[in-house]
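Undergrad: Give me coordinates for this.
(one chain, ligands or ions: 1)
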Amino acid sequence: MTAQNSKASIIDGKAHAAKLKASIAAEAARLKAEHGLVPGLATILVGNDPASEVYVRNKNKTAESLGFKSVHHHLPADVSEAELLALVKALNADPSVHGILVQMPLPKHIREEAVLDTLDPAKDVDALTPYNAGLLLSGRAHLVSCTPMGVMMLLKETIGSIAGMEALVIGRSLLFGKPAAQLLLAANATVTMAHSRTKDLAEVCRRADILVAAIGKPEFVRGDWVKPGATVIDVGINRVDAGDGKSKLVGDVAYGEAAERAAHITPVPGGVGAMTIICLMRNTLIAAAALAGLPPLSL
Ligand SMILES: Nc1nc2c(c(=O)[nH]1)N[C@@H](CN(C=O)c1ccc(C(=O)N[C@@H](CCC(=O)O)C(=O)O)cc1)CN2
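TA: Here you go, the predicted structure:
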């Protein structure tokens, strides 16, 4: 499909997510029929951030639609770190729970690293614990962070092998930038990581065959930063004023401009974001099978 008034083809995250969901549903049905295994996902949300509430609700709804057990814990914004850690420990010990997801960001008084150090790596379906991050670094990943995994799937389906390509990741978060760079490297791309201290970012971008933007700044990457023929992956989700008293979602890339030069581009919404929740379901199924001592799944 080609973007309106542009050269780029649109990478349809929703269609890819629907396809992956169908294969997860089939594998979940098989594991239930053959082994009586029902994957269990527990979500924890601290506070009342409206976007986080929507994301977590969608995670629970998707889990239920796949026949998973789904439990949700909504804690007040002023819950103590000790109380949150006690809940994580209880879920670690619950045999009906195979995946635990603590929605980010957490309130400032709770240390993210304390939560991740408490979470059982075998149930870490976000793959954020030091153990799972270390396995990825060692080339032995078991559970892989959801949005980076979704990006790799979109790249594979869109351009096939990325070996030897120049890939640029803008942003170095634990949730996205760092694992994404490791996955691109494992796929034999030549990887550059850019961040707020990078000099002449526009020029660095112009070298990228694969440009991945995860900066959290609306339409920050301009069209003339894009190498002609590049694949542009926009991980940003920014709510901005639409000018008519309403708001709209835009990515970190100026989509219309970038689509003029790119060969392939992800839209926002409907691109990378659409893959995140379904990759979480994939991880929950993988974790459940591993905890039950079953052979690794090929999904
Ligand atoms: N523990 C985690 N926290 C956060 C994660 C995460 O993977 N694990 N990622 C983000 C938020 N997130 C999931 O939690 C997420 C973001 C976006 C989407 C999505 O479907 N986006 C849609 C647009 C949705 C909308 O209309 O708002 C799209 O891009 O098409 C799903 C999940 C931060 N926290």
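Undergrad: Can you tell me, leaving aside adjacent residues, what's nearest to the residue in the stretch 151-299 of the chain that the ligand sits nearest to?
TA: Evaluated by CB to the nearest ligand atom, the stretch 151-299 of the chain has Gly273 as its residue closest to the ligand, separated by 2.1 Å. The C-beta positions use only the backbone N, C-alpha and C, and glycine is treated the same way. When the adjacent residues along the chain are set aside, Gly273 lies closest to Ile237, with 5.7 Å between them (CB to CB, 6 or more residues apart in numbering).
Undergrad: do the same with Gly223
TA: Nearest one to Gly223, counting by CB to CB, 6+ apart, is Glu257 at 2.5 Å.
Undergrad: before we move on, what about Cys205?
TA: Leaving aside its sequence neighbours, Cys205 sits nearest to Trp225 (CB to CB, 6+ apart; 4.0 Å).
Undergrad: How about Asn283?
TA: Closest residue in space to Asn283, ignoring its immediate chain neighbours: Val125 at 4.1 Å, by CB to CB, 6+ apart.
Undergrad: Tell me the buried residues in stretch 16-35?
TA: His16, Ala17, Leu20, Lys21, Ile24, Glu27, Ala28, Leu31 (16 or more other CB atoms under 10 Å).
Undergrad: tally of neighbours for the residue nearest to Asn283?
TA: Val125 has 30 neighbours, counted by other CB atoms under 10 Å.
Undergrad: Show me what from the chain comes close to the ligand.
TA: The interface of the chain toward the ligand, taken as CB under 6 Å from any ligand atom, is made up of 55, 101-104, 126, 146-147, 175, 237, 249, 268-270, 273-274, 276-277.
Undergrad: Of these, keep whichever come out buried.
TA: Of the members of the residues of the chain next to the ligand, the ones counted as buried by neighbours, 16+ other CB under 10 Å, are 55, 101-103, 126, 146-147, 175, 237, 249, 268, 270, 273-274, 276-277.
Undergrad: and the least confident of these?
TA: Taken together, those show their lowest pLDDT at Ala274, with 92.
Undergrad: in what helix or strand does Lys32 lie?
TA: Lys32 is located in helix 13-35, with elements delineated by DSSP states H and E.
Undergrad: My guess is Val221 contacts Ala213. True?
TA: Yes - using CB atoms under 8 Å as the test, Val221 is close enough to Ala213 to be in contact (4.9 Å).
Undergrad: shared neighbours of these two, anything?
TA: With contacts taken as CB atoms under 8 Å, 6 or more residues apart in numbering, Val221 and Ala213 have Ile170, Val232, Asp234, Asp252, Val253 as neighbours in common.
Undergrad: shouldn't the first one be in contact with Arg197?
TA: No - contact criterion CB under 8 Å: Ile170 and Arg197 do not qualify, at 11.9 Å.
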